[in-house]
Each structure stands twice: as structure tokens, then as C-alpha cells.
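K.L.:
Pasted the sequence and its predicted model underneath.
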Amino acid sequence: MEELGHVVCGEIGRPLRILQITDTHLFPEGVEEFTHPGGVIDMKAKGYGNQMAEKYLKVMIEKVKPDLCILTGDILDGRPFGEYKRLDWKETFLSFIDPLIKNKIYWSYTPGNHDDDGSPYTRKDLLAIYGLPYCFSKGAKKWDHTVTVGPNPFECVRLWLFDSGENSPDPKLKYTSFSLDAVHEYKLISKKLREQKEKAVGLAFFHIPLPEYSYNKPMVGTLGLFDAARRKGNVPAVAKWCPWLVRLFGFQRVSGSSNLQSGLYEAFLWERNILATFCGHDHYNDAVMHLYGLYMCYGRVCSNTPPVTWEGAGGPLPFDLGARVIEVRGAGKVATWIEGEDGPEKNSLIVMSPEYIPPTSTVRKILCHPWTVKIVNLIIVFMILAYLLYYGDDLTGVDWDDDSEGLIRES
């Protein structure tokens, strides 16, 4: 992991706005058909194309007026580039980010599992993206890096960008996950920053969610991945025929994470310098969750190419197209919401704070109440005393009746 410098961005005394764009799955210009395991899709007949993503980026820039933009992976889709032996990925990427460049908005990018999937170019080739105009990661030689942005080094936010991995050759693992080197280097840099007493709030961005995104109740937003997987048939039989049983135990709150544990979540908890993480990947999810002091957020898709709805097999998205907005407000507080074509989405706003204590259920309140603990302790003490009184003779190994008879005879 590289530690880059500071990028001057935003205005003193004004919140810093970050726009998250994710999973646009851009195709090469002029592609009319897309071949996938389920068949061949006629792009024109189905109304697919890059136009929707390009339109939404322009709309978001106009409405949100962001200070910077972060593209969290699967911006390109390598499969059609590979199918048609196209190497013009940079032209496709540049065409998409043109509104950012024209508006002089700083931006950066983290790779997804499909950006180079089946492509004639390599993942390493994509590092050339960091040399494009207004990229705030300019000079980075690794996907994993950190940089501060803000009007000055004392009023800023620290951004951590990670490569969350590629498609794994082993289908049981799904993805290769975050590299162990990146996790280790994150810890080393964090230690140095802690010694320097840096106070900047930290935000992490990557494509594939951490395994810890699964099975958490959303604070706001939707987790629709389970229903999409059922429609496609990518669930066990019990989930297919008895979805109510899955929902009963909260197991429908799934994420499409790797089955490899990188230890990054534990590192975040240990270092305590990351307030929130932001990812994409799961097109049917846009929720915000909280687990042990870390906010875990999804972006929202804003594109209309076949992979967005799993070539139609996942069914329609459970929400309109849009994007996530992140607003750094100072004093360690960060607000986030979903922005749609008509403005901020109702009930999507949440203010994240390091002091936040999640509400507990009534059952947990009762079980963890001090009087409950005292009563349980008293019951345990009485049970131990009763056991000793009843089985005391057996525990000492002395037969008091026989000994007493012997003493009487001797006397």
C-alpha cells in the first residue's frame, strides 16, 4: 500500500462532498450483441447501452455538485472487450469520465472483478487510469493506496482505496479477496499516522464487500441480493422452496463477498481510524449497516447494460437507478444518502458518527440489565451451595456415619 500526499480540494468551512459511482459495466462503443452463458442478447432490441450511465453521471454532477468522485469498480466490463478483441478500454473510460474532467472534479477508481474479466488487456494495464486528468491518485503504482483530500492538510478526510480482488479460479472461493500485503501495510501506515497524531476521519473504498457485510440488519436501504439469487436459481433448495425459513433467522441479508478471509475488517476494528467503508458489486443492495463501530455502506448502480440485472435473470432492481453521496461535515461526522434523478431519496439519509451506539432489542436489554446479572449470580451461588450440602459427603470421601461408630466403640 502506498501513502500519497495531500490533494487540495473543496472550500474551508464547507462540507466536502464525495460522489460514489459504481458498477456501470461499460461496453465498447458500437457493440450490438453480448454473449453470455444463458445466450446472446441483442443490445439494441433490449434498449441496453452506456447512455444511461453517462446520463446519470452528468445529472449527479449537476445536482450534487461534488468536490470529488470515486468509482468503486466494475466501471468497465472486460467480457465484451474480450469477445470482440477490443483494446479501446481507455477511450471508453475517458468518454465516461469526460463530465468530471470538464467540470474539473477530482476523481479516482478502485478495480472490480469484471473490469478486466475475460479481456484482452490485463489488470496491470488498467493502472494507466491513474495517469488520466484530474485523478487524485496520480502517481500511484498500486491499487492499494491512501491519500488525504480537503482545502488544507488540517481540514481534510483520509481516503483508503483497496483492490478487493478478481474472480477466483476456484468457484468455491468466488473471489481472490484483499491481499495480505495490503492489510499488513495498512496496519503499518496506520501506526505511523497514529504516532503523528493525525485526526482526519478515514473512509475506505473498494468493490467487493467484506464478508462481514452479511447478516446485518440495514439501518437504511435495501438488501435485495437474496431475492435476485432466488429468481436466478443460485440458492440452496431450502432457500428456494422455504424462503420464509431463511428470513426467520435473518439469513436473507447476504452479500456477494469472497469466501477468503483477509483480516481487513479485524484490522479496521483494531486501528479504529476508519469510520465507514463503501463498496459496490451487489447490484441489488444499497443498504447502510453498522457492526462494532464500523459503518458498512453500499453504493447504487446507475447503468443499463445486461450485467446490471444479471442479464435479466436476477429480475428488476428493487429501486431506481442512482448514486451514493457522502458529505464530510467535520467533527468526525459524515452524512450519506442516495441521490436519484429527482433529488435525494426519501429516508436514505444517515449521519455517521464514531460516538454512535446502536439500539439494542428489548430481549437484549433485559438479559444485559444489571439486576438480571445479579439475579443470575444469586441463582448460581444457591445452586452451588445446594450441591455442596447435598453431595458434601461424597466430595470429601469421608463416611461420617462409619467414623462416628468407630469413635463410639473406641470410647
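P.N.:
Here it is on my side, so go on.
K.L.:
Count the residues that sit near Pro66.
P.N.:
26 (other Cβ atoms under 10 Å). Placement of C-beta: from N, CA and C, glycine included.
K.L.:
do the one 10 residues further on as well
P.N.:
The local packing count at Leu76 equals 30, with neighbours defined by other Cβ under 10 Å.
K.L.:
distance of it from Leu291?
P.N.:
In this view, Leu76 and Leu291 are 31 Å apart by Cβ to Cβ, to the nearest Å.
K.L.:
now Asn216
P.N.:
Counting by Cβ to Cβ, the gap from Asn216 to Leu291 is 6 Å.
K.L.:
and if you look at Gly5?
P.N.:
As judged by Cβ to Cβ, Gly5 and Leu291 stand 32 Å apart.
K.L.:
ok, now Asp77?
P.N.:
The span separating Asp77 from Leu291 equals 31 Å under the rule Cβ to Cβ.
K.L.:
Same drill for the two, tell me which one is more crowded.
P.N.:
Neighbours per residue (other Cβ under 10 Å) separate Asp77 from Leu291, with Asp77 holding more: 30 against 16.
K.L.:
which residues sit in contact with that one?
P.N.:
Going by Cβ atoms under 8 Å, 6 or more residues apart in numbering, Asp77 touches 25-27, 114-115, 117, 305, 307.
K.L.:
Kindly report the same for Pro111.
P.N.:
By Cβ under 8 Å, 6+ apart, Pro111 lies in contact with 73, 123, 126, 143, 163, 207.
K.L.:
go again using 6 Å as the cut-off
P.N.:
73, 143, 163 (Cβ atoms under 6 Å, 6 or more residues apart in numbering).
K.L.:
Could you find the closest non-adjacent residue to the last one?
P.N.:
Just to be clear, that refers to Asp163. Sequence neighbours aside, Trp143 is the residue nearest to Asp163 in space, at 3.6 Å (criterion: Cβ to Cβ, 6 or more residues apart in numbering).
K.L.:
Tell me, how many residues neighbour the one you found?
P.N.:
Neighbours of Trp143 under the rule other Cβ under 10 Å: 24.
K.L.:
wait, is it part of a helix?
P.N.:
No. Under DSSP: H, G, I helix; E, B strand; the rest coil, Trp143 sits outside any helix and is assigned coil.
K.L.:
Pretty sure it sits against Gly165.
P.N.:
No. Proximity of Trp143 to Gly165 does not meet the contact threshold set by Cβ atoms under 6 Å, at 10.2 Å.
K.L.:
just the strands in the stretch 251-400 of the chain please.
P.N.:
276-279, 288-291, 294-298, 323-330, 333-340, 343-344, 350-352 (DSSP state E, counting those that start in this stretch).
K.L.:
element containing Gly30?
P.N.:
Following DSSP states H and E, there is no helix or strand that holds Gly30.
K.L.:
before we move on, which element is Arg17 in?
P.N.:
strand 16-21.
K.L.:
Any stretches of the chain with poor pLDDT?
P.N.:
The chain contains residues with pLDDT under 70 at 360-365, 367-369, 392-411.
K.L.:
Please repeat the previous calculation with a cut-off of 80.
P.N.:
Within the chain, the segments meeting pLDDT under 80 span 330-331, 356-373, 390-411.
K.L.:
name the helices or strands packed onto the helix ranked longest in it?
P.N.:
In the chain, with assignment by DSSP state H, the single longest helix is helix 370-396. The contact analysis (3 or more Cβ pairs under 6 Å, 6 or more residues apart in numbering; DSSP states H and E) places helix 370-396 against no helix or strand.
K.L.:
where does it sit relative to the chain's centre, distance-wise?
P.N.:
47 Å (Cα atoms, centre = their mean, to the nearest Å).
K.L.:
Please apply the same query to stretch 160-171.
P.N.:
13 Å.
K.L.:
Same check on stretch 52-68?
P.N.:
On Cα atoms, centre = their mean, the centre of stretch 52-68 falls 22 Å from the chain's centre.
K.L.:
what's the answer for stretch 306-314, then?
P.N.:
21 Å.
K.L.:
Now do the nearest residue in space to Thr92 that is not next to it in sequence: how many residues are near it, please.
P.N.:
Leaving out its chain neighbours, the residue that sits closest to Thr92 by Cβ to Cβ, 6+ apart is Leu26, at 5.3 Å. Neighbourhood size, Leu26 [other Cβ under 10 Å]: 23.
K.L.:
for Leu26, what are its contacts?
P.N.:
Shown in contact with Leu26 (Cβ under 6 Å, 6+ apart): 50, 76, 92, 96.
K.L.:
Which one (most neighbours) among these?
P.N.:
Busiest of the contacts of Leu26 [other Cβ under 10 Å] is Leu76, holding 30 neighbours.
K.L.:
got a list of what that residue touches?
P.N.:
Taking Cβ under 6 Å, 6+ apart as the criterion, Leu76 is in contact with 26, 89, 115.
K.L.:
how much space between the closest residue in space to it that isn't next to it in sequence and Lys85?
P.N.:
Excluding its sequence neighbours, the residue lying closest to Leu76 (Cβ to Cβ, 6+ apart) is Asp115, at 4.7 Å. Noted for Asp115: a distance of 17 Å to Lys85, by Cβ to Cβ.
K.L.:
neighbour-wise, which of those two wins?
P.N.:
Neighbours per residue, other Cβ under 10 Å: of Asp115 and Lys85, the larger number sits with Asp115, 27 against 9.
K.L.:
how about that one, phi and psi?
P.N.:
phi -60, psi -40 (degrees, to the nearest 10).
K.L.:
The one 10 residues further on now?
P.N.:
Listed backbone geometry of Asp125 is phi -60, psi -30, with angles given as degrees, to the nearest 10.
K.L.:
Neighbours of it, how many?
P.N.:
The local packing of Asp125 (other Cβ under 10 Å) involves 14 other residues.
K.L.:
Identify the bridge partners of Val328.
P.N.:
Under DSSP bridges, the beta-bridge partners of Val328 are Leu16, Val334.
K.L.:
Run a quick check on it versus Leu16, I expect a contact.
P.N.:
Yes. The criterion here is Cβ under 6 Å, and Val328 meets it with Leu16 at 4.3 Å.
K.L.:
where exactly do the strands run in the stretch 1-150 of the chain?
P.N.:
With DSSP E, counting those that start in this stretch as the criterion, the stretch 1-150 of the chain has strands spanning 2-8, 16-21, 33-36, 39-42, 68-72, 106-110, 145-152.
K.L.:
Can you give the contact residues for the helix or strand harbouring Leu188?
P.N.:
Secondary structure from DSSP H and E places Leu188 in helix 180-195. Residues outside helix 180-195 that contact it (Cβ under 6 Å, 6+ apart) are 1, 3, 144, 262-264, 267, 271, 273.
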